[in-house]
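> For reference, the sequence and a predicted model appear below.
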Amino acid sequence: MKEQTDLFGNDTAAASAAAATPTGTALRLGSKDARLSPAQKRFNQLVERIDKLKGQIADVQALADVHRRCFTPP
C-alpha cells in the first residue's frame with residue numbers, strides 16, 4: 001500500500017513548489033483564436049497582470065532577503 005502524504009503541511013518543500021506554480025493560467029480555456037467577449041478579454045488581461053505582479057513581488061522579496069542578510073549584524 002502506498003503511503004499517504006501529509007495533508008497538514010509538514011512537507012514545506014512541496015508546499016513552496018506548489019506556491020511557486022502560477023495558477024492564473026489555469027483559468028484560461030480555449031485557444032487564442034476563439035472569439036472572446038470584451039469582458040473575457042479584460043479578465044484575461046487582469047489574470048496576466050496578476051501573474052506579472054506575483055513575479056515582481058517574488059523578485060522584491062528575494063532582493064529584500066539578500067539585503068537583509070547583508071546588513072543584519074551577526
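Yep, that arrived. Bear in mind that the values here come from a model prediction, so they are computed numbers and not experimental data. Numbering: from 1, shown residues only.
> so where's the chain shaky on pLDDT?
Applying pLDDT under 70 to the chain flags residues 1-2, 4-33.
> how about the helices in it?
Counting by DSSP state H, the chain has helices at residues 12-20, 38-71.
> between those helices, which one is nearest to residue 3?
Proximity to residue 3 (C-beta to C-beta) singles out helix 12-20 among the helices of the chain, at 14.0 Å. To be clear about C-beta, it is placed using only N, CA and C from the backbone, and glycine gets the same treatment.
> For burial, what's the neighbour tally of residue 48?
13 (other C-beta atoms under 10 Å).
> let me fix that: residue 59
10.
> Likewise for residue 36?
Using other C-beta under 10 Å, residue 36 is surrounded by 14 other residues.
> Against residue 52, how distant is the closest residue in space to it that isn't next to it in sequence?
What sits nearest to residue 36 in space, not counting adjacent residues and going by C-beta to C-beta, 6 or more residues apart in numbering, is residue 44, at 7.2 Å. In this view, residue 44 and residue 52 are 13 Å apart by C-beta to C-beta, to the nearest Å.
> more crowded one of these two?
Using other C-beta under 10 Å as the criterion, residue 44 and residue 52 rank with residue 44 on top: 16 against 11.
> these two touch, right, the more buried one and residue 38?
No - the pair residue 44 / residue 38 is not scored as a contact, 10.8 Å apart, by C-beta atoms under 8 Å.
> what would the helices of the chain look like in CSV with distance to residue 3?
Output for these, formatted as CSV (distance: least, C-beta to C-beta, whole Å):
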stretch, distance to residue 3
helix 12-20, 14
helix 38-71, 32
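> Need phi/psi at residue 35.
Per-residue torsions, residue 35: phi -80, psi 120 (degrees, to the nearest 10).
> What is the burial count for it?
Neighbours around residue 35, by other C-beta under 10 Å: 7.
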